[in-house]
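1. how would this look folded up:
(chains A and B)
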Amino acid sequence: MSSTVVPAATETPRLGEGGPTPRALRRRSVRHFTATDALVLAGSLGASASLVWVVFYQLTFLAGAAGYVVCTLAVFLAIYYVANRHLFGRMAAADRVVAALATMAAAGVVTALALVVAWLVAHGYHLVSVTFLTRDQKGVLNTQPASAGGISHAIVGSLEEVGLATLIGAPAGVVTAVFLSEVGGRITGLVRTVVTAMSGLPPIVAGLFIYVVLITELHYGFRGFAGSLALAIMILPNVTRTTEEVLSVVHESLREASMALGAPAWRTVWSVVIPTARTGIVTALLLGIARVVGEAAPLIVTIFGSPAMNANPFSGPQEALPLFVFDYRSSSVAADIERAFSAGLVLVALVAVLFLLARIFSAMKPGTVGRLLRPSRHRRQEALS
Amino acid sequence: MRRESGAAPAALEEPAPVPAPAPLRTVTTASGLVADGVSAWFSGRLVIESVSLEMEASKVTALIGPSGCGKSTFLRILNRMHEVTPGAELAGRVLLDGEDIYGPEMRPTETRRRIAMVFQKPNPFPAMTVEDNVLSGLKFSGKRPRGKEKDDLVEEMLTRAGLFSEVKARLKTLGGELSGGQQQRLCIARALAVRPSVLLMDEPCSALDPSSTRRIEETMREIAEEVTVVVVTHNMQQAQRVSDYCALFLAGENAPGRIVEKGSTKDIFENPKDERTSDYVHGRFG
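-> Modelled structure (predicted):
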C-alpha cells in the first residue's frame, strides 16, 4: 500500500513548497459561461421578442408596452427551457430557468425602486435649494410660484415628532425584547402575540387611537407630541421583533460564562448580552425609526398640520414631511403639487440616510459602537497612568 | 507536596505525580469540596445516581470516563450551574468547607463566585477588552478596582494563567481577537480574578492544540496550591499528568452514570481494583 502512495505523493506538485514561485499565478475560472450559453440566451430572448411582437402587433391588436414586456419574458422562459433541455438535458435546463427567473425577479424589484426614485427626482429636484429647506409656508398663497416658501417647518416637525417617538418607543421596544428573550415566563407567548399583532396594526388606527383617547376625551389638542405617541406605537413592535432576533443570536455560552462568574441575571443581560448585541440593537432602532419617518396616516389626526414653523412639539398643531406631501399633493394648484414632490424627495433622502447608517452599524464588529460612543475613556486613562 | 518554585514543569514530565501529604504552603484559600449522594435528572430522566466524591483542598481531581456518563453534569452540580438548564433536577448535598451549597441560606451567585468554572469552549466576552474580561467577574459583583490596583490585579491573574507575556501589549484589544488557546487561558484568568476557592474545568483543552494544552496543564499544576482544581477530561495522559486524584465515571446502557472507582491517580492507572477501570485507562473500551 505505502509503496504506491509515496511515489504518487512526491509526483504531485505541492502547494507553497520549494522551487521558484511562478511569475504569474493564473487563477482558473471555475464558472463556465461559454459562447454556446451566450448564444442560447441571446437566441431565446430574440426569438421570444420576435414571436410576441408578431402576435401582439401583427396578428392581434393587443396594446401596451407593459403587456409586451411581461409576455416576452414569459415566452422567453419557455423557449430558454426548451433550448437548454435540448442541448444540456433536463437538470441543466431547470437550473438555468430557475436562475433566470430569480434574476428577473431581482431586476424587477430594483427597477421598480429605481423608477420611483427617478420619477421623484425628475419632478422634485429643481425646487430643492437652501431657501426651500430653510423657509416655511407661512403667508405663502397658492397663487405664488412654487419657489416661494419652503418646508423647514415640516423638516423640524418630522425630526421632533420622530425623535420623541423614538425616545418613548425604542426603550420600551428594547426592554420588551429583553423580557421575551432573557426573562420569559408564562406570559411570554401572550406578549409575543400582542407584539406581532401590533406590528400589523394599520397606521391610521394607531393615529385614531391617540386621537380618541388624547384629543377627544382628554382635550389635549392637536400637537406634535400626540403624533409622537402614535408613531411610538408603530416603532415599538418593530424594534421589539428585530431586537429579540438579535438577542437570540448571542451565544448561550456567554450567558453561562457570566453566570458562572457569579453575575445575577440582570447583570448578565446588562453587561454581557446587550453589549455583545449592541451593533444589532442599534441597527434595529435605526430600522424602526426609518420605518415610521414616512408615515402620514397616524399624523393626520394627531398633529393636524400647519403652514407656519412651530418648533414646540408640546403646543399647537405641527407639520411633518409625510403629512406635507399628502396635503400638498391633494391640492388642485400646480405649484403645491411641485412642492409636494420636492418634499417627498427630501423625505426619501432622509430615509435613505437612516438605512445607510443601519447598514454601516450592522457591518460593524461587536463592541465597535461602544468604543465609538466613548472614544476618550481609554486614552484618558492612558494619559493618567 | 514537593512543588517548590521551578519544579512544576519538571513534574509534568513524570507520568504520574505522586500524591503527597499536605502542602508546605501555609497561606492558602483553597477549600475542600465534598459531594454526598448526588443524583441528577434531566426532564425526569435519571442521569447520575448517588455519586459521592471527596475533592481534597489544594489538589487536582480529574473526572474521567466515556462521553455521556454524567461527568459534566456532575461538575455543573458542583457550582449550581446545573439548575440553569431547564428541566434539570438534583438530589444529595455538596459541601464546601462543610457547608451545603444548596442550603437555604446560600445564594447561587455567591456560590459561583467561590466555585469558579472554565468551560469546554473558550468563551471570553467578545464586546470586552482582554483587561475588561479579566475584571468582569469583579465588575459583576460590584467591585471596580482602579489605577495601580487594577493593573496589578490584571497582571497577576494573566501571569497565573500563563498568558501575560503574550498579551501585555494587547490588553486593550477585544477578547475575541486572541487565538483559541489564548482565549481559554483568558477565561482561566477571568475565573481566577474573583479569587475562588475551587476551580472547575470542563474539558478545558478539548478544543485546543497540543502546545496550548501544555500551557494550560502547567497552569493547572501551578494554581493548584491556592485553588482546588476539579477537571473533566477525556484524555488519559492529561489526567495522569495533572491530577492527584482520579474518579472514573461509567454509565451502562439505559442506566445512569456512577463512579466505578476513585482514588489516587497512581493507583487508578497503575493498580486499578476494578477490571472496568483497568480496561478504560488502557483504552480497551470507552
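2. now do the domain split for chain A, please.
-> A:35-124, A:152-371 (automatic domain parsing).
3. the longest one and chain B in contact?
-> Yes - Domain A:152-371 lies within reach of chain B by Cβ under 8 Å from any Cβ of the partner chain, at A:251, A:253-254, A:256-264, A:267-268, A:271-272, A:275-276, A:278, A:365-367, A:370. The way it works is simple: take the backbone N, C-alpha and C, and place the C-beta from them, glycine included.
4. type out the PyMOL command that picks the buried ones from those residues.
-> The buried subset of the residues of domain A:152-371 next to chain B, as determined by 16 or more other Cβ atoms under 10 Å in any protein chain shown, is captured in PyMOL by this line:
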select buried, chain A and resi 254+256+257+258+259+260+261+262+263+267+268+271+272+275+276+278+366+367
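5. mind checking which of the residues of domain A:152-371 next to chain B land in helices?
-> A:253, A:254, A:256, A:257, A:258, A:259, A:260, A:267, A:275, A:276, A:278, A:370 (DSSP state H).
6. can I get those in CSV including distance to residue B:135 and pLDDT?
-> Output for these, formatted as CSV (distance: Cβ to Cβ, whole Å; pLDDT from 0 to 100):
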residue, distance to residue B:135, pLDDT
A:253, 20, 91
A:254, 16, 93
A:256, 19, 92
A:257, 14, 93
A:258, 13, 93
A:259, 17, 91
A:260, 16, 91
A:267, 14, 90
A:275, 14, 89
A:276, 17, 90
A:278, 19, 87
A:370, 16, 52
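7. report the two of these separated the most.
-> A:260 and A:370 (23.4 Å; Cβ to Cβ).
8. buried stuff in stretch A:112-125?
-> A:120, A:123, A:124.
9. in helices, which of those fall?
-> Filtering the buried residues of stretch A:112-125 for helices - DSSP H - leaves A:120, A:123, A:124.
10. so the second one makes contact with residue A:341?
-> Just to be clear, that refers to residue A:123. Yes - between residue A:123 and residue A:341 there is a contact at 4.0 Å, judged by Cβ atoms under 8 Å.
11. shared neighbours of these two, which are they?
-> Shared contacts of residue A:123 and residue A:341, defined by Cβ atoms under 8 Å, 6 or more residues apart in numbering or on different chains, are not found at any residue.
12. can you lay out the ones in helices among the buried residues of stretch A:112-125 as a markdown table showing pLDDT and distance to chain B?
-> Formatted as a markdown table, those follow (pLDDT from 0 to 100; distance: Cβ to the nearest Cβ, whole Å):
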| residue | pLDDT | distance to chain B |
| --- | --- | --- |
| A:120 | 91 | 40 |
| A:123 | 88 | 46 |
| A:124 | 87 | 43 |
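13. ok, residue B:209 touching residue B:181?
-> Yes - between residue B:209 and residue B:181 there is a contact under Cβ under 8 Å: 6.5 Å.
14. neighbour count: these two, which is higher?
-> residue B:181 (23 against 11; other Cβ atoms under 10 Å in any protein chain shown).
15. so the more buried one, which of the three states?
-> Recorded secondary structure, residue B:181: helix (DSSP: H, G, I helix; E, B strand; the rest coil).
16. tell me how far it lies from chain A.
-> Note on residue B:181: its distance to chain A, by Cβ to the nearest Cβ, to the nearest Å, is 17 Å.
17. residues contacting that residue?
-> Residue B:181 sits in contact with B:208, B:209, B:211, B:212, B:213, B:215, B:216, where contact means Cβ under 8 Å, 6+ apart.
18. who wins for neighbours among those residues?
-> That'd be residue B:216 among the contacts of residue B:181, by other Cβ under 10 Å, with 24 neighbours.
19. gap between the helix or strand hosting it and the chain center?
-> Using DSSP states H and E, residue B:216 maps to helix B:210-223. From the chain centre to the centre of helix B:210-223 is a distance of 12 Å (Cα atoms, centre = their mean, to the nearest Å).
20. for that helix, packing partners?
-> Secondary-structure packing of helix B:210-223 (3 or more Cβ pairs under 8 Å, 6 or more residues apart in numbering or on different chains; DSSP states H and E): helix B:8-13, helix B:147-160, helix B:180-193, strand B:228-232, helix B:236-242.
21. in TSV, list the ones you listed along with distance to residue A:116.
-> Formatted as TSV, the helices and strands packed on helix B:210-223 follow (distance: least, Cβ to Cβ, whole Å):
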stretch	distance to residue A:116
helix B:8-13	70
helix B:147-160	56
helix B:180-193	49
strand B:228-232	61
helix B:236-242	65
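22. rank these by pLDDT, which is bottom?
-> Among these, helix B:8-13 has the lowest mean pLDDT, at a mean of 43.
23. give me the next element, helix or strand, following that one.
-> strand B:33-42.
24. what stretches of chain A score poorly on pLDDT?
-> Applying pLDDT under 70 to chain A flags residues A:1-23, A:365-385.
25. model confidence over stretch B:253-273, on average?
-> 88.
26. and of the ones in helices among the buried residues of stretch A:112-125, the nearest to residue B:134?
-> residue A:120 (54.4 Å).
27. OK, contacts around the closest one?
-> Neighbours of residue A:120 in contact, by Cβ under 8 Å, 6+ apart: A:341, A:344, A:345, A:348.
28. picking that back up, most tightly packed of the domains of chain A?
-> Each of the domains of chain A was scored by mean neighbour count; the highest is domain A:152-371, a mean of 19, by mean count of other Cβ atoms under 10 Å in any protein chain shown.
29. closest one to residue A:91 out of the contacts of residue B:181, please.
-> residue B:209 (43.4 Å).
30. so what's that closest one up against?
-> B:180, B:181 are the contacts of residue B:209 under Cβ under 8 Å, 6+ apart.
31. could you pull up phi and psi at it?
-> phi -80, psi 170 (degrees, to the nearest 10).
32. tabulate the contacts of residue A:120 (a markdown table), appending secondary structure.
-> As requested, those are exported to a markdown table (three-state DSSP):
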| residue | secondary structure |
| --- | --- |
| A:341 | helix |
| A:344 | helix |
| A:345 | helix |
| A:348 | helix |
